[in-house]
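Engineer: Give me a model of this one.
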Amino acid sequence: MRDGTEIESRIARRLAALRTDKGWSLDALAERSGVSRATLSRIENGESSPTAGVLGRLCTAFGLTLSRLMLEAEGGGASHLPAAEQTSWTDPETGFKRRMVAPPAAGFRVEIVEGVLPAGKSISYDASPVPGLEHEVVMLSGRLDLTVEGMSHRLGAGDCLRFRLHGASRYACPGPGAARYLVIIAGA
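Structural biologist: Now for the predicted structure:
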């Protein structure tokens, strides 16, 4: 797996470039995302690592998926991506691990993300970065309480939940072990 510090630096640079490309000040991005100006500045300067929730709010403000942000941070999209070369990232707040199994790529609508959420932890997203994205969550092991726009679902190994996301979502692992799952996202 790639070094976490390297990907965090690339994410920070990409976020700064996205903001600059839009012509937004830190204050304008703070207003659009709900993330404080001080936090944005620390992230862009590489002084702080963003949580999954913060990245979710920033992606929503920019109108792109977290996977697309990761792809842009990496600067490419290969057809064959060996496991050792797949980008992974760990949320510093929850310990949630995210691995890009099949990142977004030109000419393809599907991306696949593996998530491992530790027992007793949860991740919330305020909104879909792109309303109406099709999601398929496939449980590999453990249990996951997934709330999609106010409707709760308890998932166990082998279960699949299919939905189009327009609003908020929350992933929570009740334990006793970690929840390991795939999220297949089909873009427009």
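
Engineer: counting contacts, what elements does the least confident helix or strand in the chain by mean pLDDT pack onto?
Structural biologist: Within the chain, no helix or strand scores below helix 66-74, which has a mean of 75 by mean pLDDT, DSSP states H and E. For helix 66-74, the packing partners by 3 or more C-beta pairs under 8 Å, 6 or more residues apart in numbering; DSSP states H and E come out as helix 4-22, helix 52-62, strand 97-102. Just so you know, the C-beta spots here come from the backbone N, C-alpha and C atoms, and that holds for glycine as well.

Engineer: Using the three-state scheme, assign the nearest residue to residue 68 once chain neighbours are set aside.
Structural biologist: Leaving aside its chain neighbours, residue 68 sits nearest to residue 104 (5.1 Å; criterion: C-beta to C-beta, 6 or more residues apart in numbering). Following DSSP: H, G, I helix; E, B strand; the rest coil, we place residue 104 in the coil state.

Engineer: Residue 104 against residue 69, yeah?
Structural biologist: No. The criterion here is C-beta atoms under 8 Å, and residue 104 misses it with residue 69 at 9.7 Å.

Engineer: Strictly from the record, what residue spans define the domains of the chain?
Structural biologist: According to automatic domain parsing, the chain comprises the domains 4-72, 80-186.

Engineer: Distance check, residue 181 against residue 171.
Structural biologist: 8 Å (C-beta to C-beta, to the nearest Å).

Engineer: so what sits against both of the two?
Structural biologist: Common contacts of residue 181 and residue 171, defined by C-beta atoms under 8 Å, 6 or more residues apart in numbering, comprise 115, 117, 144.

Engineer: my read: the first one touches residue 181, true?
Structural biologist: Think residue 115. Yes. If you go by C-beta under 8 Å, residue 115 and residue 181 touch, sitting 5.4 Å apart.

Engineer: Comparing the two, which residue is more hemmed in?
Structural biologist: A direct count of neighbours by other C-beta atoms under 10 Å for residue 115 and residue 181 places residue 181 higher, at 25 against 21.

Engineer: Model confidence at the more buried one, what's the number?
Structural biologist: pLDDT, residue 181: 98.

Engineer: who's in contact with it?
Structural biologist: Residue 181 sits in contact with 114, 115, 117, 137, 138, 139, 140, 142, 144, 155, where contact means C-beta under 8 Å, 6+ apart.

Engineer: quick one: which of those sit in strands?
Structural biologist: Judged by DSSP state E, the subset of the contacts of residue 181 located in strands is 114, 115, 117, 137, 138, 139, 140, 144, 155.

Engineer: Buried only: go through those for me.
Structural biologist: Taking 16 or more other C-beta atoms under 10 Å as the criterion, what is buried in the ones in strands among the contacts of residue 181 is 114, 115, 117, 137, 138, 139, 144, 155.
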